[in-house]
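In: Need a 3D model of the following:
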Amino acid sequence: MKNYKKTKLACYLGFITQAVAANFAPLLFLKFHTDYNISLGNIAMISTSFFFTQLLVDLFCAKYVDKIGYRVCIVASEVCSAAGLVGLAFLPEIIPSPFIGIIISVILYAIGSGLIEVLGSPIVEACPFENKEATMSLLHSFYCWGHVGVVLLSTLWGAVGTILVSTVFFLLFGIGSWKWLAVIFALIPAINIINFATCPIESLVEEGQGMEIRKLFSNPMFLIAIVMMACSGASELAMAQWASAYAESALGFSKAVGDIAGPCMFAVTMGISRVLFGKAGDKMKLNRFMIGSGILCFVCYLLASF
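Out: Numbering: from 1, shown residues only. Below you'll find the model as predicted:
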């Protein structure tokens, strides 16, 4: 009998990996700026490179992923994610330009993140689970809990690193604690390579039976969904990517307070809402829920901007 629980676990870890890829580097924006003398304009290019790469990967997957195969692509996602996180720790020191080293690492794990984003949901959807709506909502909540873990572990690791800075361990390696944390985070996708290589993976459609891109773009509801995802993604990432740096530089908060009060609390509340919808979504009217969420987002971001 096929063990689909292993598939679910692999996808959960995949979404945690995506959360690490998307949210770890932004916690270090000011450190990159001070330690490597990277301008704030170039710092913004880190996020731009990450999401532009994800966009290209998404377009590639829409055309070729069925031909290549889900398993090959999802295993490749974990390989790229692990390589990118390890590269983030070491390439800025190896390459003459730290900025180029960071960008190369970001592009690598952005490829992995893009593949996870595209493949994680359909892999779970294709599994014969009884309550798929709850399972899918819980799956996406793992991105939020991964985000929370990144922030909290990064904050705690920074405190420990300060205490142990004079020990033989750090003297021998001569590297900042955040770099070793990047290596630790890389263990998640590295271990998950085995999960995806051995777990059962089904397909939602038969080979060659998927809808063509041209037909998708001729569907008005698909176009509306694209606009909604673009707007919600931009609003989410504006908070998740820059809240920590803003709290530190503009409001004068410490690194720990800025991380926890900004992106960490944002991820906590986002995760809670996804878990609640997973538990009670069958009792809610989706249209009203979406309209209410949109109004709430507009009001909250308006307050945040002022």
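In: And the strands in the stretch 51-200 of the chain?
Out: Using DSSP state E, counting those that start in this stretch, the stretch 51-200 of the chain contains no strands.
In: Give me the below-cutoff pLDDT ranges for it.
Out: Within the stretch 51-200 of the chain, the ranges that satisfy pLDDT under 70 run 129-176.
In: ok, now the stretch 201-306 of the chain?
Out: Low-confidence segments of the stretch 201-306 of the chain, defined by pLDDT under 70, are located at 204-213, 240-245, 247-250, 254-263, 278-282.
In: can you give me the helices in it?
Out: 213-217, 220-249, 255-259, 265-280, 286-305 (DSSP state H, counting those that start in this stretch).
In: got a list of contacts for the last one?
Out: Same thing as helix 286-305. Helix 286-305 has contacts (CB atoms under 8 Å, 6 or more residues apart in numbering) with Ser232, Ser235, Ala238, Met239, Phe277. Backbone N, C-alpha and C define where each C-beta goes, glycine included.
In: Taking these together, which two end up most distant?
Out: The largest separation in the contacts of helix 286-305, counting by CB to CB, is between Ala238 and Phe277 at 22.5 Å.
In: tally of neighbours for Gln18?
Out: Gln18 has 27 neighbours, counted by other CB atoms under 10 Å.
In: Would you mind giving me the confidence score for it?
Out: Predicted confidence (pLDDT) for Gln18: 85.
In: How much space separates it from Cys11?
Out: 10 Å (CB to CB, to the nearest Å).
In: quick one on the thing from earlier: could you pick out the buried ones from the contacts of helix 286-305?
Out: The neighbour-count test (16 or more other CB atoms under 10 Å) marks Ser235, Met239, Phe277 as buried among the contacts of helix 286-305.
In: my guess is the second one contacts Phe266, does it?
Out: What it means is Met239. Yes. If you go by CB atoms under 8 Å, Met239 and Phe266 touch, sitting 5.1 Å apart.
In: ok, back up a step: and the contacts of helix 286-305 as a markdown table, adding distance to Ile46?
Out: Putting the contacts of helix 286-305 into a markdown table (distance: CB to CB, whole Å) gives the following:
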| residue | distance to Ile46 |
| --- | --- |
| Ser232 | 22 |
| Ser235 | 20 |
| Ala238 | 15 |
| Met239 | 17 |
| Phe277 | 32 |
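In: out of those, who's nearest Tyr36?
Out: Nearest to Tyr36 out of these is Ala238 (CB to CB; 24.0 Å).
In: Spatially nearest residue to the closest one, not counting backbone neighbours?
Out: Distance criterion CB to CB, 6 or more residues apart in numbering; nearest residue to Ala238, sequence neighbours excluded, is Tyr301 at 7.7 Å.
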